[in-house]
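# Build the 3D model from these lines:
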Amino acid sequence: MALIALKPRRPAPGGGLRRRRRLTLLGLLLAVVVGCLLSVAVGAKAIAPDAVWHALTAASGSEDDVIVLELRLPRTLFGLLVGAALGMAGALIQGHTRNPLADPGLLGVNAGAGFLVVVAIYLLAVTDPLGYVWFALLGALAAGVFVFVAGSAGRGGPTPVTLALAGAAVTALLTALTSTVILLDVDTLDAYRFWVVGSLAGRDLEIVAQVWWLLATGAALALSTAPALNALSLGEDVARSLGYSVGRTRLLGIVAITLLAGTATAMCGPIAFLGLVVPHVVRSLTGPDYRWLLPCSAVAGSVLLILADVVGRIVVRPGELQVGIVLALFGGPFFIALVRRRALAAV
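Here you go, the predicted structure:
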């Protein structure tokens, strides 16, 4: 009688992917904890772990306590919120435009924020970062709405191509107008250049108190559209056949991107690169499922921004290098190496 060799059963592929996703999220959360500890302990003045713990639990007004509580803790909180917002917004914009090189600035958000900040400085003599926030946010929202309206014109409604083209046109126009204003007045240029470089330093916690609900609303909208965005990635016809409204999904996505990226830009100035590379790295670990990609991109964005800020504090001691510059210097070569070493996961 012939013997039949039975092959051992292999685990279902989905089980391995689910396990990898959970491990990725857990690893990112642990990295956030480590990054926060480094952020409150490392800087122009190194503070010992026991001194950090004393400041957090039994502050007595010493110099170390003041540095930890009034300078580094707010800076760390800004890094967490802004990094999460830009990471999630980057994943959203790449999904909605089907463009692997898209970042939140593609919708004109950064350009809109920058233009109204310049107008506020030039016409209203606003010089305080707290005063920039609402002008920057208004400019970002206005640019995002205009891009969506312009990209929706015509029979086909908003499509990835029309949105990208409208965003590029609005960005070019607003950048030209911004350059015109700052060339007219040297004082405006001096004030604007400190905001436009992108930094977590010198930000008041009152800014968080004013805008946190905008970030929360944007994140909630983004997560609620994840199933529809999964269907949309298979094609608009497939999404419609599954019962999703393409127009409604795109509208909610643009609103979420504008709220997240616009608020983050208003809080800390334009911070490039993060929204571009974080979704690619996370997608290679979690796959294209936006139910995992969006939250993991948010956590990874926080990790990257906090660590970049820590690096900026120590590379030019006793001075500091703004986080926007650090991300541009180290992020660009990293992204090029990533592209050369392996194919990016499909959007």
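# any idea how far N99 lies from L276?
Distance of N99 to L276, given as Cβ to Cβ, to the nearest Å: 10 Å. Quick note: C-beta positions are derived from backbone N, CA and C, even for glycine.
# do I93 as well
Distance from I93 to L276, by Cβ to Cβ: 9 Å.
# intersection of neighbour lists for the two?
Residues touching both I93 and L276 (Cβ atoms under 8 Å, 6 or more residues apart in numbering): A102, D103.
# Same drill for those two, tell me which one is more crowded.
It is I93, of I93 and L276, that has more neighbours when counted by other Cβ atoms under 10 Å, with 30 against 22.
# so F334 makes contact with L274?
No: judged on Cβ atoms under 8 Å, F334 makes no contact with L274 at a distance of 11.5 Å.
# quick one, which of these two is more surrounded?
L274 (30 against 14).
# contacting residues around the more buried one?
The contact partners of L274, by Cβ under 8 Å, 6+ apart, come to G83, L86, G87, G90, G301, L304, L305, L327, G331.
# do the same with F335
Residues near F335 by Cβ under 8 Å, 6+ apart: F273, L276, V277, H280.
# Mind naming the longest helix for the protein?
Ordering each helix of the chain by length in residues (DSSP state H) puts helix 13-41 first.
# and after it, which helix or strand comes next?
Of the helices and strands lying after helix 13-41 in sequence (DSSP states H and E), the nearest is helix 49-57.
# Okay, now stretch 265-272: how far is its last residue from its first?
End-to-end distance of stretch 265-272: 10 Å, with Cα to Cα, to the nearest Å as the criterion.
# sorry, that was for stretch 100-112
End-to-end distance for stretch 100-112: 23 Å, by Cα to Cα.
# For that stretch, buried residues please.
A102, D103, P104, G105, L106, L107, G108, V109, N110, A111, G112 (16 or more other Cβ atoms under 10 Å).
# Quick one: mean pLDDT over that stretch.
Mean pLDDT, computed over stretch 100-112, is 81.
# Show me what that stretch is in contact with.
Residues from elsewhere that reach stretch 100-112 (Cβ under 8 Å, 6+ apart): 86, 89-90, 93-94, 97, 99, 139-144, 146-148, 163-164, 167-168, 170-171, 174-175, 178, 254, 257-258, 260-262, 265, 270, 272-273, 275-276, 280, 344, 347.
# Tell me which of those residues fall in helices.
Reading helices off the contacts of stretch 100-112 with DSSP H, I get 86, 89-90, 93-94, 97, 139-144, 146-148, 163-164, 167-168, 170-171, 174-175, 178, 254, 257-258, 260-262, 265, 275-276, 280.
# Which strand or helix spans the residue nearest to A169 when sequence neighbours are not counted?
Closest residue to A169 apart from its sequence neighbours, by Cβ to Cβ, 6 or more residues apart in numbering: A150 at 7.6 Å. Here A150 is covered by helix 129-152, with elements defined by DSSP H and E.
# Report the backbone C-alpha coordinates of that helix in PDB.
Only the C-alpha atoms of helix 129-152 are listed here, as PDB (Å, rounded to 0.1, in the frame of the first residue of the first chain):
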ATOM      1  CA  PRO A 129       4.200  82.400  18.200                       C
ATOM      2  CA  LEU A 130       0.800  82.300  20.000                       C
ATOM      3  CA  GLY A 131      -0.400  85.000  17.700                       C
ATOM      4  CA  TYR A 132       0.800  83.100  14.600                       C
ATOM      5  CA  VAL A 133      -1.400  80.100  15.300                       C
ATOM      6  CA  TRP A 134      -4.800  81.200  14.200                       C
ATOM      7  CA  PHE A 135      -3.500  83.100  11.200                       C
ATOM      8  CA  ALA A 136      -1.500  80.000  10.100                       C
ATOM      9  CA  LEU A 137      -4.500  77.700  10.800                       C
ATOM     10  CA  LEU A 138      -6.800  79.900   8.800                       C
ATOM     11  CA  GLY A 139      -4.400  80.100   5.900                       C
ATOM     12  CA  ALA A 140      -4.000  76.300   5.900                       C
ATOM     13  CA  LEU A 141      -7.700  75.700   6.000                       C
ATOM     14  CA  ALA A 142      -8.500  78.200   3.300                       C
ATOM     15  CA  ALA A 143      -5.800  76.700   1.000                       C
ATOM     16  CA  GLY A 144      -7.100  73.200   1.600                       C
ATOM     17  CA  VAL A 145     -10.700  74.100   0.900                       C
ATOM     18  CA  PHE A 146      -9.700  76.000  -2.300                       C
ATOM     19  CA  VAL A 147      -7.700  73.100  -3.500                       C
ATOM     20  CA  PHE A 148     -10.600  70.700  -3.000                       C
ATOM     21  CA  VAL A 149     -13.000  73.000  -4.700                       C
ATOM     22  CA  ALA A 150     -10.700  73.500  -7.600                       C
ATOM     23  CA  GLY A 151      -9.900  69.800  -7.900                       C
ATOM     24  CA  SER A 152     -13.600  68.900  -7.800                       C
END
